[in-house]
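Student: sequence below, structure please.
(4 chains)
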Number of protein chains: 2
Amino acid sequence: MTRDERMKKMQAFVRMHKSSTIQEIADMLGVSHMTVRRDLNTLSEFDSLRVIHGGVIYREEETEHSDRYSIGQAKTTMYAEKLRIAQKAVSLIESDDIIIIDAGSTGELIAELLPEDIPLTVICYALNIATVVSSKKNCSLIVTGGYFHQSSMVLESNEGLQLLKQNRANKTFITASGVNVELGVTCSNFFERTTKQTALHSASMRILVADSSKFGVVRTGHYADVEDFDIIITDTGVQEEELNPLRHIEHLTVYRV
Amino acid sequence: MTRDERMKKMQAFVRMHKSSTIQEIADMLGVSHMTVRRDLNTLSEFDSLRVIHGGVIYREEETEHSDRYSIGQAKTTMYAEKLRIAQKAVSLIESDDIIIIDAGSTGELIAELLPEDIPLTVICYALNIATVVSSKKNCSLIVTGGYFHQSSMVLESNEGLQLLKQNRANKTFITASGVNVELGVTCSNFFERTTKQTALHSASMRILVADSSKFGVVRTGHYADVEDFDIIITDTGVQEEELNPLRHIEHLTVYRV
DNA sequence: TTTGAAATGTTAAATAATTAACAATTATGT
DNA sequence: ACATAATTGTTAATTATTTAACATTTCAAA
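Tutor: Presented below is the predicted three-dimensional model:
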């Protein structure tokens, strides 16, 4: 077995198992721990491996090629706020709910925090969210398929939209790149508009989750107005005065957590 | 912040980042490393966390609830053989190929080993495989959506099948639970049959990847005969004599790696 | 085959993480 | 508000991993 072969095996092993200890790899390959360490150090320069005290971890977002998964960046920014927003969002979920979860890091957090003690059905179109939900107990999952978009992790296709239309939900959690009282709710990618609009129209309760950094911002793709939502959840980073115009919309409830 | 809140945050953090060090979590929560350790030990009893020397790792397959993801088991059995089979399989891949990868652990390994230096298009219907391919460079990805099946990680729906039919491929890598010269190629789940058959009919070169433990075995769902394939890749665990009937099929190439 | 270079294995010293015991703090019921 | 229990923080001892230096093996070129 050549050095390259060994490193390929090591890479595949770590990727498949998400992580490993040095010892596990050494045993698997029948080489010394020093060889594993040396290989791992080399690999970590090229691949998304993180060598920690005691083992290795495979994680995509830590790579230099992070442009391929731009959510990785968004994940850490406003993490505390997004967590609070997601916590408030999942508190609205009841037994036997059918929920649509939109793409984005806040959506992923909602998926992570989904209660596992009540039966739920989740419909989603982002690959990362599908993966999170797939390991949830008590949860049926429908993923609308299609062409994968690296930047947002979204799967997009006519067939997917059809599936989304055919499956009605009682709650939909929608994310946004920009929330502006006058100019409405916007996203960055044009193709996302249709998906988000379909998600909105397939559910009875429409919940907008957007942290304070999104407020006042305007992006290209307009897909809804603030009054199209029943609930808006944001964080304390938005001044109460800024939310006043929203407070006056009769059917709209605004949570600031 | 209550203990439960803290543990929820910890869980979400580790799941989202796939892994973490004790220090990272302690810093994130502003608590001592001892508290993190104690919480993590409690969490690891209920959740799929693996606490290693230096950090924590989230990995689904290591859970007691392993019935929810039965591929987890299959992953480790025949790992070395599956790796060789997958290596042979990817060696057949050429630039600009459009390939379909079937569900299963060997399929996942093929996805892991996909070359990243040539442009490819991958079509798949298993969530785990989609996730692996999504992080590959130089690779377009189409995921046929649908209802998620826990046991095989497959997404299944009419819309998905439609998408699969509409996208032709030049190579398709199909897995099987049973390969029997007389009774044909079989799978365990009935619903998988249609998907596998559609995958077969959408591609010009049909490659069956099956380790030696599958040979001679017969399962319920018959979806093809051995002569429907152009290439069969298996391992040295199959006796050469057993493969003789296959060697006599004219258009069929058999690799034993 | 010989020789040198590269790769791998082995060991002991250095470093880091874990455990356990106790102190300090925080929560809970009366 | 008090006392008690539970939780959390701190520290030192223990245990494990890593590093570095050197020995050994392997491979390739002469």
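
Student: which parts of chain A sit against DNA strand D?
Tutor: A:21-23, A:33-34, A:37, A:51-55 (CB under 7 Å from any atom of the strand). To be clear about C-beta, it is placed using only N, CA and C from the backbone, and glycine gets the same treatment.

Student: how far does the helix or strand where residue A:170 lies sit from its chain's centre?
Tutor: Per DSSP states H and E, residue A:170 falls inside strand A:169-175. Mean-position distance between strand A:169-175 and its chain equals 14 Å (CA atoms, centre = their mean, to the nearest Å).

Student: go through it and flag the buried ones.
Tutor: A:169, A:171-175 (16 or more other CB atoms under 10 Å in any protein chain shown).

Student: could you do stretch A:218-237 as well?
Tutor: Residues of stretch A:218-237 classed as buried: A:219, A:221, A:223-224, A:226, A:228-235 (neighbour count, 16+ other CB under 10 Å).

Student: of those residues, which pair is most distant in space?
Tutor: The distance between the two most remote of the buried residues of stretch A:218-237 (CB to CB) is 23.2 Å, for A:221 and A:235.

Student: show me the strands in the stretch 101-250 of chain A, by range?
Tutor: Secondary structure of the stretch 101-250 of chain A (DSSP state E, counting those that start in this stretch): strands located at A:120-124, A:139-143, A:146-149, A:154-156, A:169-175, A:178-180, A:184-187, A:203-209, A:221-224, A:231-234.

Student: would you list the residues of chain A next to DNA strand D in CSV and tack on neighbour count and distance to residue B:206?
Tutor: Formatted as CSV, those follow (neighbours: other CB atoms under 10 Å in any protein chain shown; distance: CB to CB, whole Å):
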residue, neighbour count, distance to residue B:206
A:21, 19, 39
A:22, 18, 40
A:23, 12, 41
A:33, 13, 43
A:34, 10, 44
A:37, 15, 42
A:51, 15, 40
A:52, 19, 43
A:53, 12, 47
A:54, 15, 44
A:55, 23, 39
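
Student: which residue in those has the weakest pLDDT?
Tutor: Ranked by pLDDT, these bottom out at residue A:54 (63).

Student: do stretch A:159-169 and chain B come into contact?
Tutor: Yes. Under the criterion of CB under 8 Å from any CB of the partner chain, chain B is reached by stretch A:159-169 at A:159-160, A:162-163.

Student: give me the distance between the most centrally placed residue in chain A and residue A:210.
Tutor: Centroid-nearest residue in chain A, with CA atoms, centre = their mean: residue A:108, separated by 2.9 Å. Separation of residue A:108 from residue A:210 (CB to CB, to the nearest Å): 15 Å.

Student: any regions of the stretch 51-200 of chain A where pLDDT drops low?
Tutor: A:54-55, A:57-76 (pLDDT under 70).

Student: and the residue of it nearest chain B?
Tutor: Here the stretch 51-200 of chain A gets closest to chain B at one residue, residue A:145, 2.6 Å apart by CB to the nearest CB.

Student: give me the neighbour count for that residue.
Tutor: 30 (other CB atoms under 10 Å in any protein chain shown).

Student: then residue A:119?
Tutor: 13.

Student: ok, back up a step: wait, which of the buried residues of stretch A:218-237 is closest to DNA strand C?
Tutor: The closest of the buried residues of stretch A:218-237 to DNA strand C turns out to be residue A:235 (CB to the nearest atom of the strand; 22.6 Å).

Student: my guess is that closest one meets residue A:86, correct?
Tutor: No. Taking CB atoms under 8 Å as the definition, residue A:235 is not a contact partner of residue A:86, at 10.7 Å.

Student: which stretches in chain A count as helices?
Tutor: Along chain A, the segments classed as helices by DSSP state H run A:3-17, A:22-29, A:33-46, A:71-76, A:79-91, A:105-113, A:127-134, A:158-166, A:192-201, A:240-247.

Student: out of those, which is closest to DNA strand C?
Tutor: Nearest of the helices of chain A (CB to the nearest atom of the strand): helix A:33-46, 3.2 Å.

Student: alpha carbons only: can I get stretch A:126-138 in PDB?
Tutor: What follows is stretch A:126-138, C-alpha atoms only, in PDB (Å, rounded to 0.1, in the frame of the first residue of the first chain):
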ATOM      1  CA  ALA A 126     -32.500  22.600   1.600                       C
ATOM      2  CA  LEU A 127     -30.100  19.700   1.800                       C
ATOM      3  CA  ASN A 128     -28.600  20.700   5.100                       C
ATOM      4  CA  ILE A 129     -32.000  21.000   6.700                       C
ATOM      5  CA  ALA A 130     -33.100  17.700   5.300                       C
ATOM      6  CA  THR A 131     -30.100  16.000   6.800                       C
ATOM      7  CA  VAL A 132     -30.800  17.500  10.300                       C
ATOM      8  CA  VAL A 133     -34.500  16.500  10.200                       C
ATOM      9  CA  SER A 134     -33.700  13.000   8.900                       C
ATOM     10  CA  SER A 135     -32.200  12.100  12.200                       C
ATOM     11  CA  LYS A 136     -35.000  13.400  14.300                       C
ATOM     12  CA  LYS A 137     -37.300  10.900  16.100                       C
ATOM     13  CA  ASN A 138     -41.000  11.100  15.600                       C
END
